[in-house]
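> Here is the input, now give the coordinates:
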Amino acid sequence: MKAKACVPGVAALLAVVLTGCSGGSGSDDGSDDSKPGDSGSANAPAQPGKYRTLPEPCGEVDEDTLDSMLPGIPEMTDPEQREKAYEGTPTVTYDTDRRVGCNWKIESTGASHHLLIDFERVVSYDGSVSDDARAAEVYATKLREAGLSRPSDAPTEGTESPKSTESTKGGASESPDKDDKDDKGEGEKAGAKPQGGKNARFLDGTASSEPATPPPGLEPRTLSDLGDEAFLDDVLTTATSASRHRTVTVVFRTSNVIVTIEYDEQPGRRTDVPDSKEMQDKAQDLADSLAGEFDE
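The predicted model follows:
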């Protein structure tokens, strides 16, 4: 009888021991999960960008703006032709979720005008780099290609340090790599960028009375109060057998989207020179309008 009475006691003792061990193990697991600053939080993925889609670019420019920038449209007498001109031509892209654009090219009485708008949504495929930081890197590349650098108070996350806070292409203080930029730019357009100091020079070596750079205050520069960061470029192109034409480019970044506006004017006569201020004002007005659409 005593042997039989002993068995339940042993079983109960084993149950208590096993329960205690099991409870201690569960307590340790919970303690590990709650430790602050563990490796799980340190490896949290970077934040996605603000914008997940892009607007339809051909519908983002109103008719009044197109009338101002492309004077050949109001000159059209055929209503159907004029309506088609307003519509523009979508840029061919392989992923409209990542990049879209629209072109307008219109002939007028005294000149031809070309307008391009381009929207690029930048996505980082590196889990440790945010979409915004990657977009800032893409923007920085475009800025350097224009021979400019960021002002000292501009965002620089994920980008290289600016070489100079006062550099402007063709201004009193120049970027160290300006010469490289000029050499690269010669082959990028139908003509060549004006060469030389004070005056532009045609490809045949003859001088032009047009200054190689716009007047002070209109030179290529960074812009404030436009998106998160922005810049403007202004290039006069000359060729021996064609009219001089000017291309004004405005680029701005808002979060993970980069917007590019290219506005080109080529006069019908070789002696005419497109006006920098007028073209820059129109391009910046359009940029302000597009930036406002993204802020809504």
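> since we're on the nearest residue to Leu290 once chain neighbours are set aside, how many residues are nearby?
Nearest residue to Leu290, sequence neighbours excluded (C-beta to C-beta, 6 or more residues apart in numbering): Val259, at 5.7 Å. Every C-beta, even on glycine, is put in place using the N, C-alpha and C of the backbone. Val259 has 25 neighbouring residues, counting by other C-beta atoms under 10 Å.
> Check which helix or strand Val259 maps to.
Here Val259 is covered by strand 257-267, with elements defined by DSSP states H and E.
> Pull up the pairing partners for that strand, direction included.
Sheet pairing of strand 257-267 (DSSP bridges) gives strand 111-121 (antiparallel), strand 242-254 (antiparallel).
> give me the number of residues near Phe294?
Using other C-beta under 10 Å, Phe294 has 18 neighbouring residues.
> Excluding covalently adjacent residues, which one is nearest to it?
Spatially, and ignoring its direct neighbours in sequence, Phe294 is nearest to Thr254 (4.9 Å; C-beta to C-beta, 6+ apart).
> pretty sure that neighbour contacts Asp228?
Yes: between Thr254 and Asp228 there is a contact under C-beta atoms under 8 Å: 5.7 Å.
> between the two, who's got more neighbours?
Neighbours per residue, other C-beta under 10 Å: of Thr254 and Asp228, the larger number sits with Thr254, 22 against 17.
> which ones are touching that one?
Counting by C-beta atoms under 8 Å, 6 or more residues apart in numbering, Thr254 touches 50-51, 227-228, 291, 294-295.
> Across the sheet, point out what pairs with it.
Counting by DSSP bridges, Thr254 is bridged to Val257.
> And the helices in the stretch 1-150 of the chain, which stretches?
All helices of the stretch 1-150 of the chain, identified by DSSP state H, counting those that start in this stretch, fall at 2-33, 39-42, 63-69, 72-75, 79-87, 131-145.
> Show residues contacting stretch 224-232.
With C-beta under 8 Å, 6+ apart as the test, stretch 224-232 has contacts from 136, 139, 142-143, 146, 148, 150, 154-155, 220-223, 248-255, 259, 280, 283-284, 287-288, 291, 294.
> buried residues in that stretch?
226-232 (16 or more other C-beta atoms under 10 Å).
> Cys102 contacts Leu116, doesn't it?
Yes: judged on C-beta under 8 Å, Cys102 makes contact with Leu116 at a distance of 7.3 Å.
> so what sits against both of these two?
Common contacts of Cys102 and Leu116 (C-beta under 8 Å, 6+ apart): Thr91.
> Who are the contact partners of Leu70?
Residues in contact with Leu70 (C-beta under 8 Å, 6+ apart) are 85, 104, 106, 108, 113, 115.
> give the contact list for the residue nearest to Leu290.
Listed by C-beta under 8 Å, 6+ apart, the contact set of Val259 reads 117-120, 227, 251-253, 287, 290-291, 294.
> Same question for Leu143.
Per C-beta under 8 Å, 6+ apart, neighbours of Leu143: 149-150, 222, 231, 251.
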